[in-house]
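Peer 1: Quick one: sequence and predicted model below, then my questions.
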Amino acid sequence: MFGIYAALSPMYGEQPHIIGSALPKYQTHCCKFNHQRTTRPTIIHCHCSLCRKNSGTAFATNGFVNTDDFTITKGQALLSEYSFKVGRTRYFCRCCGSPVYSSNSDDKSRIRIRLGIFDTDITEQVLSHNFVTSKANWELLETSLPCYEKHEPGR
């Protein structure tokens, strides 16, 4: 079993936003995670070829949190890692293969969590679709969200 406590970093200096009285929880196919508290994560849909290949879908929905606010309190031994590119590492459950988080040495201040493993509702909204020029040719992108050829502005 994993136990992850994360205080997701406030976006643009906003005050912490507690999601109800129940704590948000992660659940992979075989292991459970939970958070001590939650503030606003930065959420994007990424259409780059790396996210498409790693997720097996048209895009990955990612939540960025401060590295300093992310602590694994239980289950470290059950994490496996895979580096597909120097400095970029994906951490996943060695029991079931579910993604847990990833890190990038070019941005050590944050980690990326795949939001599909949350069991509880996330009230924050997606900011944008990124790397839309890399989207799968079979994907029909109809959205009112901002779309960017690369990262969203400010990153």
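Peer 2: Cool, got the structure.
Peer 1: what's the burial count for residue 90?
Peer 2: Neighbourhood size, residue 90 [other Cβ atoms under 10 Å]: 18. Using the backbone N, CA and C atoms, a C-beta is placed for each residue, glycine as well.
Peer 1: give me the beta-bridge partners of it?
Peer 2: Beta-bridge partners for residue 90, by DSSP bridges, are residue 82, residue 102.
Peer 1: My guess is it contacts residue 99. True?
Peer 2: Yes - at 6.5 Å, residue 90 and residue 99 qualify as touching, with contact defined as Cβ atoms under 8 Å.
Peer 1: Please identify every residue contacting each of those two.
Peer 2: Residues touching both residue 90 and residue 99 by Cβ atoms under 8 Å, 6 or more residues apart in numbering: residue 54.
Peer 1: Closest to the mean position in this protein, which residue would that be?
Peer 2: Residue closest to the mean C-alpha point of the chain, counted by Cα atoms, centre = their mean, is residue 113 at 2.2 Å.
Peer 1: Please name the bridge partners of that residue.
Peer 2: Going by DSSP bridges, residue 113 forms beta bridges with residue 63.
Peer 1: now it: how far from residue 122?
Peer 2: 11 Å (Cβ to Cβ, to the nearest Å).
Peer 1: Give me the phi and psi for the closest residue to residue 52 other than its chain neighbours.
Peer 2: Nearest residue to residue 52, sequence neighbours excluded (Cβ to Cβ, 6 or more residues apart in numbering): residue 136, at 6.1 Å. Backbone torsions of residue 136, given as degrees, to the nearest 10, read phi -60, psi 140.
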